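In: when you get a sec, could you give me coordinates for this:
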Amino acid sequence: MKIVIVGGVAGGATAAARLRRLDEDGEIVLLERGRHISYANCGLPYYVGGVVLKKESLTPQTPEGFGARYRVDVRVRSEAVRVDPVKKTVTVRDLEKDRIYEEPYDRLILSPGAEPRVPPFLDAERERIFTLRTVPDALALDSFIKERKPKNAVVLGAGPVGLEMAENLKRRGLEVLVIELGDQALAYLDEEMAAAVHLRLRSQGIGLLLRTKVDAVESVRDGLIVKSSRGKIKTRLLFVSAGVQPESSLARSAGLRLGERGHIVTDSALTTSDPRIHALGDAAEIRHSVSGRPTWVALAGPANKQARAAADNIRGIKTLYRGSQGSSVVKVFDLAVCATGLSEKSARALGMKHGALHIPAPSHVGYYPGAESLLIKVVFAPDTGRILGAQVVGGDGADKRADVLAAAAAFRATAFDLTQLELCYAPPYGSPKDPVNLAGCAVENVVTGKVKQFHWREVAGLDPRKSNLLDVRTEKEFRAGAAPGFQNIPLDVLRENIGRLDPEKPVHVMCQVGMRGYVASRLLSQKGFDVRNLSGGYAVWDQAVRGSSPDGR
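Out: Residues are numbered from 1 along each chain as shown. Below you'll find the predicted structure:
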C-alpha cells in the first residue's frame, strides 16, 4: 500500500511516524510545501520574544533525520496543488526545480492546516505587516525588530496568538496596542472570564481597544497609519492575528464534502466523503465530544490524536476518534487562561439546557506562602450535574485544575463525582478540599436545590424597592467597594438583624467570593425567605464590570 500525506507538523508527521511503526514495508510519501516538516509552531511567539533563544530549538526534527528514522520519502518544497480521486493521484509542484508531476496513491491523508486570515484591505506582503504561521515568519519578524528597532507595534486581533505576540513584543521593548473588533479578547471565553485577561493586559502596559473596527492601513515614510473607528493610529509594525481559515483547496479539487466554514468533513475514523482519503488537523471538521455537534479545532493536541487514529484505521486497526472538546491554555504574562468543553455562551447558542457557577479560590492553602488566585467557572447540566465545560483563569495551578475538569468533561463525570474526587494534596500544592472539589460541591448544591443563584449580569437590573439586596461581607470590605443598592449586614451578625429584611421580598445575597453568601442563603431560606446567592460574589462582579470597558477607562 502506498500512502501519500500532504502536510507535516503535528498532523502529517505524526501520521507518517505511526504508519511506519505499524507497517515496516509500506510506502509512505510526505509532501510539505515549506522547508520544515516538523516545527514548534506553538513556540514561535516565544522565539520572537527572546524566551526561546535558539532557532534550532524550533525544528527538533529535520526532514533528513525524520526520513532516515522512519524510512519515509520526505519531499519538502513540494506543494500539492490538485487531487484527482478517480485516477488516485496528487498533482505536485516541485518548488525547487519548478516542475509539476503526478504522484499516485492508494490512500491519501490531507493535513494542510490553516492559514492566517488577512483582512481584504491588507497586503500581507507589505513591509512592516506580519503574520505568524511558520518558522520563516518568526525569523522575518525577529530580523525586522533587530534591524529596524521599531518603538511600537499594533496587534490586530485579540485571539491566542495575538495576545502571545503582544506579550512577547512587549518583552522586546516595544510599546504595544491590541485592537479587537469584538467585545472581548479570546472570544471563546465567557465575558467575565475574559475581563480578567483585559485587566491583566492593561496592568502590564498593553493598550487594548475593544469594539474597534480597522478599515484601512496606509504606508507612510517611517511606518504605517492604521485607520480605525477610534481614529488614526501610527505604528512602526503591524502584526495581524485575525483568526485562521482552513486550507481546503485540495479537498475542493477532489470534490470532497466541506462544512459550513470550508473545513473537510470527516467521520470518527477521520475518513472524508471519499473512503480512500482521510483528513486531520486544522483543516478537518470533526465532532465536538461534549455537544456532539460538528466543530473544528486548530490545536496541536487534537491533531496528534487524529493522526494516530487515521493511521490506525488505514492499517486496519479500528480506532474511533471521539472528538475534541477544545482544551487550551494561553499564557498572558503571569496569568494562565484555560478553557475546555462548552462555555456558557456556546451552550446557550446551541440551545442546550445548562447552569453555570464560579469558584474563586487560592491555588493552595493560605497559610503556606505564595498562594495565587484562581477563578474557576463550571458549566453543567442542570438536571444531572454533568460537567459540560470549564474555564480557569489564574496563577500557578490553574492548568492543573483545568486538566482535571477537562478529564471530567471527557468522561461525562458529574458534580457528584467531583465532590468525591481524591486529588494530590500537600500545603505547597493544594488544599484538603481542592478547588475542583469545591466546584463539585457548589454544583451539587445548585442541582439538589440547596441554593439558588443569580449572576453578575443581573446585578445592574436589581431594584432595592422590589428585593432585599444584601451584602454579608465585613464592614471594612463593604466600605472598600460595593455594588450599588446593596445594604451591609455582616454574616456574623445576620441572625440578630434578620428583622431588617422584608420577608415579603426576595433576597439577593452577595459576599466576596460566594461562600459566605451560601451560608447566609441557607440560614435565610430556613427562615422562610426566597434567597438567591451571587455566583462568585463581589470578586466576579467587580472584575466583570472593571474589565468590560472597551478602552480601559
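
In: name the element the closest residue to residue 49 other than its chain neighbours belongs to?
Out: The shortest distance from residue 49 to any non-neighbouring residue, by CB to CB, 6 or more residues apart in numbering, is to residue 168 (2.7 Å). All C-beta spots, glycine's among them, are computed from the backbone N, C-alpha and C. Under the criterion of DSSP states H and E, residue 168 resides in helix 160-171.

In: model confidence over that helix, on average?
Out: What helix 160-171 shows for mean pLDDT is 97.

In: let me see the residues that make contact with it.
Out: Residues outside helix 160-171 that contact it (CB atoms under 8 Å, 6 or more residues apart in numbering): 45-46, 48-51, 132, 153, 155-156, 176, 178, 180, 185-186, 197, 201, 204-206, 237, 239, 241, 328, 330-333.

In: other SSEs contacting the least confident helix or strand in the chain by mean pLDDT?
Out: In the chain, no helix or strand scores lower on mean pLDDT, DSSP states H and E than strand 114-116, which sits at a mean of 88. On a contact count with 3 or more CB pairs under 8 Å, 6 or more residues apart in numbering; DSSP states H and E, strand 114-116 meets strand 244-246.

In: how far off centre is the helix holding residue 168?
Out: 15 Å (CA atoms, centre = their mean, to the nearest Å).

In: after that helix, next one along is what?
Out: Per DSSP H and E, the first helix or strand lying C-terminal to helix 160-171 is strand 175-179.

In: partners of that next one in the sheet?
Out: Sheet pairing of strand 175-179 (DSSP bridges) gives strand 152-156 (parallel), strand 207-209 (parallel).

In: I'd like the average pLDDT over that strand.
Out: For strand 175-179, the mean per-residue pLDDT is 98.

In: and the residue most central in space within the chain, what are its phi and psi?
Out: Taking CA atoms, centre = their mean, the centroid of the chain lies closest to residue 328, which sits 4.6 Å from it. Backbone torsions for residue 328, taken as degrees, to the nearest 10, come to phi -150, psi 160.

In: likewise residue 402?
Out: Phi and psi for residue 402, reported as degrees, to the nearest 10, are phi -60, psi -40.

In: now it. Nearest residue, chain neighbours left out?
Out: Closest to residue 402 by CB to CB, 6+ apart is residue 338, at 3.4 Å.

In: that neighbour pairs with what?
Out: Beta-bridge pairing of residue 338 under DSSP bridges involves residue 329, residue 392.

In: and it, how many neighbours?
Out: Residue 338 has 25 neighbours, counted by other CB atoms under 10 Å.

In: that one and residue 191: what is the separation?
Out: Going from residue 338 to residue 191 by CB to CB, to the nearest Å gives 17 Å.

In: adjacent strands (with direction) for the least confident helix or strand of the chain?
Out: For strand 114-116, the paired strands and their directions (DSSP bridges) are strand 244-246 (antiparallel).

In: tell me the helix or strand right after the strand it pairs with.
Out: Next along the chain from strand 244-246, counting by DSSP H and E, comes helix 249-253.

In: helices or strands next to that next one in the packing?
Out: Helices and strands touching helix 249-253, by 3+ CB pairs under 8 Å, 6+ apart, are strand 78-84.

In: please name every helix or strand in contact with the strand it packs on.
Out: strand 27-32, strand 89-94, helix 249-253.

In: please identify the deepest-packed of those.
Out: strand 27-32 (a mean of 23; mean count of other CB atoms under 10 Å).

In: direction included, what does it pair against?
Out: Partner strands and pairing direction for strand 27-32 (DSSP bridges) are strand 2-6 (parallel), strand 73-76 (parallel).

In: now it against strand 89-94, angle please.
Out: Orientation of strand 27-32 against strand 89-94 (axes from the mean of the first three to the mean of the last three CA atoms, to 10 degrees) gives an angle of 50 degrees.

In: strand 78-84 and strand 27-32, what's the angle between them?
Out: Interaxial angle, strand 27-32 versus strand 78-84 (the same axes, to 10 degrees): 110 degrees.

In: same question for the following helix or strand past strand 27-32, mean pLDDT?
Out: Next in sequence after strand 27-32, counting helices and strands by DSSP H and E, comes helix 44-48. Across helix 44-48, the average pLDDT comes to 94.

In: same deal with stretch 448-463?
Out: Across stretch 448-463, pLDDT averages out at 96.

In: any weak-confidence spans in the protein?
Out: Counting by pLDDT under 70, the chain has low-confidence residues at 123-125.

In: run the last query once more with 90
Out: Residues of the chain meeting the criterion pLDDT under 90: 8-10, 34-42, 53-63, 115-127, 133-134, 219, 221-222, 242-244, 548-553.

In: that older thread, distance check, the residue nearest to residue 49 against residue 50.
Out: Applying CB to CB, the value for residue 168 to residue 50 is 8 Å.

In: between these two, point out the one with more neighbours.
Out: A direct count of neighbours by other CB under 10 Å for residue 168 and residue 50 places residue 168 higher, at 23 against 13.

In: how much space separates that one from residue 206?
Out: For residue 168 relative to residue 206 (CB to CB), the value is 11 Å.

In: same deal with residue 285?
Out: Residue 285 is 34 Å from residue 206, by CB to CB.

In: what is the neighbour count of residue 440?
Out: Number of residues near residue 440 (other CB under 10 Å) recorded here: 28.

In: quick check on the closest residue to residue 546 other than its chain neighbours: phi, psi?
Out: Distance criterion CB to CB, 6+ apart; nearest residue to residue 546, sequence neighbours excluded, is residue 199 at 6.4 Å. In terms of degrees, to the nearest 10, the main-chain angles of residue 199 are phi -60, psi -40.

In: what about residue 199, neighbour count?
Out: Residue 199 has 18 neighbouring residues, counting by other CB under 10 Å.
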